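K.L.:
turn this into a model:
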Amino acid sequence: METSTPDLIRRVADEAEIRNVIAGLAHLADADSDDFEAYLSLWADDATTIHPEDQAHGHAEILERSRDLRRRGIQGPGTNTVHVNTTQWVRLDSSDVATSESYWQFYGSMNERPPKLLAMGLYRDTLHRTPSGWKVYRREVLSR
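P.N.:
Numbers count the residues shown, from 1 in each chain. This next block holds a predicted model:
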């Protein structure tokens, strides 16, 4: 089946925006600023994030989880850690729902050479198109 040029342009634009949302989450988790407003702007209001050790539902719980990780020195300013996303696959499931899978690596000791790989795994993300752009609706974090 042939795809029209406007449909192809929209698909490419959607995929680029989705990739930027996923990258933004990693960058803002590691940032030396506490710009939680920007971080939360990438999540749907009723988003869920599921990790091997915990879950968070909605902006308030996602914010508290992020602040707790910083308080415990796991990520954020002064922790010498960084998230790396690789090999991302984006699928547009419909005009307003998409799925993204990407491998992640979490490095520590960034001030040493070489840095230390602390963990790695797979992000399974479901995103929804909203009036203000694509937002993560559900993130499942799988460790490998």
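K.L.:
wait, residue 47 touches residue 139, no?
P.N.:
Yes: between residue 47 and residue 139 a contact is recorded at 7.4 Å, counting by CB atoms under 8 Å. In this view, the C-beta of every residue, glycine as well, is placed from N, C-alpha and C.
K.L.:
need the phi and psi values for the residue lying closest to residue 80 once chain neighbours are set aside.
P.N.:
Spatial nearest neighbour of residue 80, excluding adjacent residues (CB to CB, 6 or more residues apart in numbering): residue 110 at 4.4 Å. Main-chain dihedrals, residue 110, degrees, to the nearest 10: phi -60, psi -20.
K.L.:
residue 110 reaches residue 81, doesn't it?
P.N.:
Yes: using CB under 8 Å, residue 110 is in contact with residue 81, at 6.6 Å.
K.L.:
strand partners (parallel or antiparallel) of the longest strand seen in the chain?
P.N.:
Longest strand in the chain by number of residues, with DSSP state E as the criterion: strand 116-130. Under the criterion DSSP bridges, strand 116-130 sits next to strand 97-108 (antiparallel), strand 133-143 (antiparallel) in its sheet.
K.L.:
between the ones you listed, which one is closest to residue 4.
P.N.:
Smallest distance to residue 4 across the strands paired with strand 116-130 (CB to CB): 19.5 Å, for strand 97-108.
K.L.:
so which residues make contact with stretch 111-125?
P.N.:
With contact meaning CB atoms under 8 Å, 6 or more residues apart in numbering, stretch 111-125 is reached by 22, 80-82, 85, 99-109, 136, 138-144.
K.L.:
of residue 110 and residue 81, who's got more company?
P.N.:
Shown here are residue 110 and residue 81; by other CB atoms under 10 Å, residue 81 has more neighbours (20 against 14).
K.L.:
what sits against the more buried one?
P.N.:
So residue 81 contacts 30, 74, 75, 106, 107, 108, 110, 118 (CB under 8 Å, 6+ apart).
K.L.:
give me the pLDDT value at it.
P.N.:
Looking at residue 81, its pLDDT stands at 94.
K.L.:
now do residue 1
P.N.:
Residue 1 is assigned 59 on the pLDDT scale.
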